[in-house]
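>>> Below are the sequence and a predicted model for it; my questions follow.
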Amino acid sequence: MTFDVEKPAQIPIFIIAWLLIVKERWHVLPIGRTAGALLMGVLTVVAQTLGPDEAFHAVKYDTLALLWGMMVLVEYLKDDTLFEMFIDRFFVSNKSLTPSRLIWLLSIS
C-alpha cells in the first residue's frame, strides 16, 4: 500500500493543526483551538496546498452557524449556572435515580 501525496507540505500542516486543535492551549504557542485552526487554514492557502477558491468552497456555512449558535448558548447558560442547577436537581438530590435506572433512561432517550 502506497500513499500518493501531491503536495508534501500538507502533512506537517495537518499534524500541527491537529495538535493545536486537540489540546486547549500550548505553552509554546499560547493560542486557543479556534485561532489554531484558523492559523492552519491560512497556512494551507499560503503554502499553496489548497487554492483560495478551493478553500472558500470547502467551508460549510451551515455547520459554522450551528457551532456558533451552540457556543453562544453554552456561554450564556454557563453564566447563569443553569448546568449546575440541572446537575444538582436531577442527579445529586434525586434519590430515586439509581445507576441502572440512569442507563435505562439514557438508552431510551
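Arrived safely, thanks for sending.

>>> which secondary structure elements does the top helix by length along the chain contact?
Identified as the longest helix of the chain according to DSSP state H is helix 61-79. If contacts are counted by 3 or more CB pairs under 8 Å, 6 or more residues apart in numbering; DSSP states H and E, helix 61-79 sits against no helix or strand. (C-beta placed from N, C-alpha, C; glycine too.)

>>> Which residues belonging to that helix are considered buried?
For helix 61-79, the buried set under the neighbour-count rule, 16 or more other CB atoms under 10 Å, is empty.

>>> Next, the buried residues of the helix or strand following that helix.
As assigned by DSSP states H and E, the chain's next helix or strand after helix 61-79 is helix 82-87. Residues of helix 82-87 classed as buried: none (neighbour count, 16+ other CB under 10 Å).

>>> right, and the helix or strand after the helix or strand bottoming out on mean pLDDT in the chain?
One helix or strand of the chain scores below all others by mean pLDDT, DSSP states H and E: helix 82-87, with a mean of 77. The C-terminal neighbour of helix 82-87 among helices and strands, as given by DSSP H and E, is helix 99-108.

>>> Pull that following helix out as PDB, backbone CA atoms only.
Provided in PDB are the C-alpha atoms of helix 99-108 (Å, rounded to 0.1, in the frame of the first residue of the first chain):
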ATOM      1  CA  PRO A  99     -27.200   3.700  38.100                       C
ATOM      2  CA  SER A 100     -29.400   1.000  36.400                       C
ATOM      3  CA  ARG A 101     -32.300   3.500  36.000                       C
ATOM      4  CA  LEU A 102     -29.900   6.100  34.600                       C
ATOM      5  CA  ILE A 103     -28.600   3.600  32.000                       C
ATOM      6  CA  TRP A 104     -32.200   2.700  31.100                       C
ATOM      7  CA  LEU A 105     -33.200   6.300  30.700                       C
ATOM      8  CA  LEU A 106     -30.200   7.100  28.600                       C
ATOM      9  CA  SER A 107     -30.800   4.100  26.400                       C
ATOM     10  CA  ILE A 108     -34.400   5.000  25.600                       C
END
